[in-house]
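Student: need coordinates for the below:
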Amino acid sequence: MNIKLKSITALLIANSLSLTVYASDNKCDAGPKSDWMTKEAITQSLTANGYTVRKIEEEDGCYEAYALKDGKKIEIYINPKTGDFVKTKEK
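Tutor: Numbers count the residues shown, from 1 in each chain. Next up is the predicted model:
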């Protein structure tokens, strides 16, 4: 019985941790917009790294960039304060 309880507890903890990571995937929590990089600065940075930027929007406190690289469509979530990639998705 004790082993079963430990297994269930471990499973619940693992599930709650994975939900936390998933829920925070697209959240940047970058603070006030006055601290954010401009969309132009993000575009310049992406372009310098080989991306062709189609559009940049704000979503969930992040910049969401739609771009092309190596012939592939890519959606990139970017922390607007640091410029770091939060998540990328190939379309």
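
Student: which other helices and strands contact the helix or strand containing residue 46?
Tutor: If you go by DSSP states H and E, residue 46 is part of helix 39-48. Helix 39-48 is packed against strand 52-59, strand 62-69, with contacts defined by 3 or more CB pairs under 8 Å, 6 or more residues apart in numbering; DSSP states H and E. Just so you know, the C-beta spots here come from the backbone N, C-alpha and C atoms, and that holds for glycine as well.

Student: switch the cut-off to 6 Å
Tutor: On a contact count with 3 or more CB pairs under 6 Å, 6 or more residues apart in numbering; DSSP states H and E, helix 39-48 meets strand 52-59.

Student: the strand it packs on pairs with which strands, parallel or anti?
Tutor: Strand pairing for strand 52-59, determined by DSSP bridges: strand 62-69 (antiparallel).

Student: got the contact list for the strand it pairs with?
Tutor: 28, 42, 46, 50-57, 74-78, 80, 86 (CB atoms under 6 Å, 6 or more residues apart in numbering).

Student: can I get the CA coordinates of stretch 54-73 in PDB?
Tutor: Output in PDB follows, covering the C-alpha atoms of stretch 54-73 (Å, rounded to 0.1, in the frame of the first residue of the first chain):
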ATOM      1  CA  ARG A  54       6.100  38.800 -42.300                       C
ATOM      2  CA  LYS A  55       4.300  40.300 -39.200                       C
ATOM      3  CA  ILE A  56       4.800  40.900 -35.500                       C
ATOM      4  CA  GLU A  57       1.900  41.100 -33.100                       C
ATOM      5  CA  GLU A  58       1.400  41.200 -29.300                       C
ATOM      6  CA  GLU A  59      -0.100  38.100 -27.600                       C
ATOM      7  CA  ASP A  60      -0.200  37.000 -24.000                       C
ATOM      8  CA  GLY A  61       2.500  39.600 -23.000                       C
ATOM      9  CA  CYS A  62       4.800  38.300 -25.800                       C
ATOM     10  CA  TYR A  63       5.600  39.400 -29.300                       C
ATOM     11  CA  GLU A  64       4.400  36.900 -31.700                       C
ATOM     12  CA  ALA A  65       6.400  37.000 -35.000                       C
ATOM     13  CA  TYR A  66       5.400  35.200 -38.200                       C
ATOM     14  CA  ALA A  67       8.500  34.600 -40.300                       C
ATOM     15  CA  LEU A  68      10.100  32.500 -42.900                       C
ATOM     16  CA  LYS A  69      13.500  30.700 -42.600                       C
ATOM     17  CA  ASP A  70      15.000  28.200 -45.000                       C
ATOM     18  CA  GLY A  71      11.700  28.100 -46.900                       C
ATOM     19  CA  LYS A  72       9.700  27.200 -43.700                       C
ATOM     20  CA  LYS A  73       6.900  29.200 -42.100                       C
END
